[in-house]
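**Student:** Quick one, what's the 3D model for this:
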Amino acid sequence: MKFEAAQQATRKDRHPIRAVNESDTSNSSVERLERQMRSFMNRVESLMSQKADGKKTLKCWTCGREGHLQRSCRACQGAETNSASQKEVSEN
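**Tutor:** This is a model prediction of the structure:
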């Protein structure tokens, strides 16, 4: 029993504790986090202002007019219905 107690008393700690100056690391960490937070807030504000400006103007590739895309172009839809009716006439 005395032998085991002596071994435990002389045994080195496997995980030594290192001293750290807490005030230096906490201040630098807080400052770094504050800078990151300001950066993120600036990004969010810029994105919100872009969205508030309005939607992008859409331009049709077929007729070249703004405000719609090619899939909803009236000029294309009219051409498709005309070609479909011409096919029906030619088949008869």
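**Student:** gap between H15 and Q70?
**Tutor:** Per Cβ to Cβ, to the nearest Å, H15 is found 68 Å from Q70. Where C-beta positions appear, they are placed from N, C-alpha and C, glycine not excepted.
**Student:** out of those two, which sits in the busier spot?
**Tutor:** Q70 (13 against 5; other Cβ atoms under 10 Å).
**Student:** Next one: T62 from R74, what distance?
**Tutor:** T62 is 10 Å from R74, by Cβ to Cβ.
**Student:** ok, now L33?
**Tutor:** Distance from L33 to R74, by Cβ to Cβ: 55 Å.
**Student:** From the opening residue of stretch 44-63 to its closing one, how far?
**Tutor:** For stretch 44-63, the first-to-last residue distance is 37 Å (Cα to Cα, to the nearest Å).
**Student:** and it, average pLDDT?
**Tutor:** Over the span of stretch 44-63, the pLDDT mean works out to 77.
**Student:** Then stretch 2-17?
**Tutor:** 69.
**Student:** Ends of it, what's the gap?
**Tutor:** So stretch 2-17: terminal residues 27 Å apart, Cα to Cα.
**Student:** Dihedrals phi and psi, K59?
**Tutor:** phi -130, psi 130 (degrees, to the nearest 10).
**Student:** List the residues that contact the residue nearest to it when sequence neighbours are not counted.
**Tutor:** Once flanking residues are discounted, K59 sits nearest to E66: 5.1 Å by Cβ to Cβ, 6 or more residues apart in numbering. By Cβ atoms under 8 Å, 6 or more residues apart in numbering, E66 lies in contact with 57-60.
**Student:** would you say W61 is within a strand?
**Tutor:** No: assessed by DSSP: H, G, I helix; E, B strand; the rest coil, W61 does not belong to a strand; its assignment is coil.
**Student:** Next, count neighbours for it.
**Tutor:** W61: 10 neighbours (other Cβ under 10 Å).
**Student:** mind checking how far it is from R74?
**Tutor:** W61 is 14 Å from R74, by Cβ to Cβ.
**Student:** Please determine how far Q50 is located from N27.
**Tutor:** In terms of Cβ to Cβ, Q50 sits 35 Å off from N27.
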